[in-house]
Each structure stands twice: as C-alpha cells, then as structure tokens.
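[1] my questions concern the predicted model and sequence given below.
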Amino acid sequence: MSDTSFLDWPFLEARHRDLAKRLDAWCQRELPRDHSDVDATCTALVRDLGRAGFLEGTAGDAIDVRSLCLIRETLARHDGLADFAFAMQGLGTGAISLFGTDEQKQWLERTRRGEALSAFALSEPRSGSDVAQLDTVAERHGDDYRLNGEKTWISNGGIADLYTVFARTGEGPGAKGLSCFLVPADTPGLEIRERLETISPHPLARLGFDDMRLPANAMIGQPGQGFRIAMSVLDVFRSTVGAAALGFARRALDESLDRARKRELFGASLADLQLVQGHLAEMALDVDAAALLVYRAAWTKDMGAERVTREAAMAKLYATDRAQDVIDKAVQLHGGDGVRKGHIVESLYREIRALRIYEGASDVQKIVIARSCLAT
Ligand SMILES: Cc1cc2nc3c(=O)[nH]c(=O)nc-3n(C[C@H](O)[C@H](O)[C@H](O)COP(=O)(O)OP(=O)(O)OC[C@H]3O[C@@H](n4cnc5c(N)ncnc54)[C@H](O)[C@@H]3O)c2cc1C
C-alpha cells in the first residue's frame, strides 16, 4: 500500500483527496493493461478514462494543475501507458485551451470525453531542445496557409485525431517568427512517415507535411505567437511530468519495501540489513522531496501565478532525476528479478528514462532555473 500522507499536505484540498481515492479504486480494477499493441491500448485507455470522467480536467478554461499531477502520479504508479494516454490529452490540446477560439474549443468536448486523441507537434529532426530554430514553414496563400516540413518524436503520432503543430510564419527572426495551428489528422498532405520504437513502447511517429493546406482560421492565437504558446503550454504541463516520475518512484519504493520485508538472506530479512535500510531511507526522502516540489509548482499555478517557469523546472528536474535513482536502487534490491523482463521494476527502469529528455531535457531545466535565479 502506497504512502498517502502527502494527500493531507496544505497544497491539496478535500476534492483532491476524493479524486485520488476514486482514481486509485478505478486503477485497481482497470490496470495494468496489456502493452503488446500500444496503439490499441492507448486508444482504449483514452476512451475508458474519458467514460469514467477522468479526462474532464485535461482541457478547458480552468485547468487545475494539482488534479492533473495527482492523476498522473496515480496512473504512473499503476501503469506507465495509462499515464501517457492521459497526459497527451492535455498536452495535445493545451494550446487550444489557453489560446483557442470558441470554434477551435469545440474539439475539447471530444477530447475530454475520450472520443478524440490529441498530439503536440513541436520537435523536429534539427530542433529538439533548440525549438526556436524549427524549419517547418507555413506560407500564406490568400485565405490559406501551406505547410511544408517534418516533425519527429510526436507522441500519439499515427493514432491522434488532431495535432497542434508549430511552424515558421516569419513575422520575425527565430522564436519571434513561429505560429501554432490546429491540424485534424485527416488533413490532406499530413503523412505519418515513420513509426518510432523506444525502450519503453509508446505510440510515437515522425510526421511530414507536404504542401498541407490549412484555412487561416486553423491558426491558434495570433501570427508570431507560436513560441509563447508552446512555452505557456509547457509551463502548465511540465510539473505534471514530475508528477509522473513521482508515481514511478513511489511504485519502486513500494515494491522495494515489500521485497525487503519478504526476502530472507543470511538468516534474517533483507529489511534487517542496515545498508538496505540506508537505501530505503534515501528512496523515501527522494520521493517526499520530489512530491513537495511537484505540488508546490502545481499549487503556485493554481493560485493564479501567470508563469511558474522556475517552479515547474525545479519540479521536473528533481522529480525525474531522483526517480531514476530511486528506480535504480529498486532494481538493485530486487537482485536478478530486478532485470527480469516483465518484472515491474524492470519496466519502471525503462519507463523513467525518457522523462529526463522530453519537455525540456534535465540540462535545459538547469539553465532555466539558473537564469531565473540570476534575474532576481
Ligand atoms: C518518448 C519521447 C516522447 C516525446 N514526445 C514529444 C511530443 O509529443 N511532441 C514533441 O514535440 N516532442 C516530443 N519529444 C521530443 C523531445 O521533446 C526532444 O527529444 C527533446 O526536446 C530533446 O531534443 P532532441 O532529441 O533533439 O535532443 P537535442 O536537442 O539534440 O539534445 C540532446 C542533449 O543535449 C543536451 N542539451 C541540449 N540543450 C542543452 C543546453 N542548452 N545546455 C546543455 N545541454 C544541452 C541535453 O542533455 C539533451 O538531452 C519526445 C521525445 C521522447 C524521447
């Protein structure tokens, strides 16, 4: 049984405690799922989460970041793919929630019900961390825009019903010349060029735009606002990546405590060895410290802060880096079982790695934090 004492921390309210309880009960019944066909499983997970009402808070005018964090933490503790499916419904529609027109927001009804899947298409082969240099071009032709270029590492690529796509419209140099577009998956000229496989399978693709025509009202926000939109979306969702890492770490700690109590070695239990107790103490400390940073960032945003760049960067950096270490210790404490294919800690070991890379690599978060400190 996981430690739930954090639910009584002052960052959270009674409605959050109720949400965590309801979702945990749902997870006990519904998860984990079979991961052999990630496309089918993700589509089914989105549908089921939508039917159960858990996608309601992923999009709309008032996003409660604490609820998103609690949901991601809980889902990640039970099944990484369920966390991924949930997370993309918010990230993929974030630009519409924050900057979309009423007409564009009609999509949100469907994504919140789990009837449409969404994707966030920012990264490109030449520009992952260096987003401002992206090459995809959107040229204005009368009432239309024509998009040409390529996106890569796009989560839900190939199964999404809509993509929020960032492209260069050229109002200014670098970051000042980007705009954001809403692209339904059946738009002619949008191609899935390659499906990408990673150590922990998720639906991922490289997309191509070949003279893809979009009406001018497909633009989200104003021309030249794309970089600001992307950063605002990441500002909301970055702390939730920390929450997912926290869920993985909490599961690793739970599994390790269980193992330490049950495993007999040298005539006593593993838990009686003081070096093991040292590992367990460090793991518990990392979990609690990460939780404090994650829920501090979420609470700050929910209390009305316009930007939480520093808090979110700290939450993501610390929670993902420490979760990697907590999970590594869990693998060690499980001995051979820790690296056995199909064992829960083996899958956590694979799941956690990408979180230190996407939505801003750990090194980039350090730069964000340092700049924010130097600016004060
Ligand atoms: C599983 C997964 C899912 C993803 N999903 C999406 C998605 O849905 N949508 C999307 O748009 N993108 C997505 N991405 C892409 C992700 O955001 C990029 O991989 C990430 O931004 C890093 O870009 P890159 O891979 O081009 O690495 P690079 O930009 O080449 O960076 C490589 C490494 O260089 C270091 N580095 C980079 N910049 C600096 C710096 N300024 N100072 C010091 N060191 C630095 C970091 O260690 C970094 O990991 C996903 C990636 C993965 C792995």
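    Noted; the coordinates are in hand. Predicted, not measured: the structure shown is a model, and the values here were computed from it. Numbering: from 1, shown residues only.
[2] give the closest residue to G90 in space, chain neighbours not counted.
    Taking C-beta to C-beta, 6 or more residues apart in numbering, and ignoring the residues beside it in sequence, G90 has T58 as its nearest neighbour in space, at 3.9 Å. Where C-beta positions appear, they are placed from N, C-alpha and C, glycine not excepted.
[3] what parts of the stretch 51-200 of the chain come near the ligand?
    Residues of the stretch 51-200 of the chain lying close to the ligand (C-beta under 6 Å from any ligand atom) are F120, A121, L122, S123, G128, S129, W153, I154, S155, T198.
[4] hang on, R310 packs against A375?
    No - R310 is beyond contact range of A375, at 9.4 Å (criterion: C-beta atoms under 8 Å).
[5] can you tell me the SS state at the residue in the chain positioned nearest to the ligand?
    The nearest approach of the chain to the ligand comes at G128, 1.9 Å away (C-beta to the nearest ligand atom). Secondary structure assignment for G128 (DSSP: H, G, I helix; E, B strand; the rest coil): coil.
[6] verify the stated contact: it with W153.
    Yes - proximity of G128 to W153 meets the contact threshold set by C-beta under 8 Å, at 7.2 Å.
[7] okay, and the common contacts of the two?
    Shared contacts of G128 and W153 (C-beta atoms under 8 Å, 6 or more residues apart in numbering): none.
[8] neighbour count for these two, which is higher?
    Neighbours were counted for G128 and for W153 using other C-beta atoms under 10 Å; W153 has more, 20 against 17.
[9] buried ones in the longest helix seen in the chain?
    Ranked by residue count under DSSP state H, the longest helix found in the chain is helix 226-262. Within helix 226-262, the residues scored as buried using 16 or more other C-beta atoms under 10 Å are 226-230, 232-257, 259-260.
[10] after that helix, which helix or strand is next?
    On the C-terminal side of helix 226-262, the closest following helix or strand by DSSP states H and E is strand 264-265.
[11] sheet-wise, list the partners of that following strand with their directions.
    According to DSSP bridges, strand 264-265 forms sheet pairs with strand 268-269 (antiparallel).
[12] could you point out which element follows the partner strand?
    Sequence-wise, the next helix or strand downstream of strand 268-269 (DSSP H and E) is helix 274-302.
[13] confidence score at the residue of the chain closest to the ligand?
    We have a pLDDT of 94 for G128.
[14] then the one 3 residues further on?
    Among the per-residue scores, V131 shows a pLDDT of 94.
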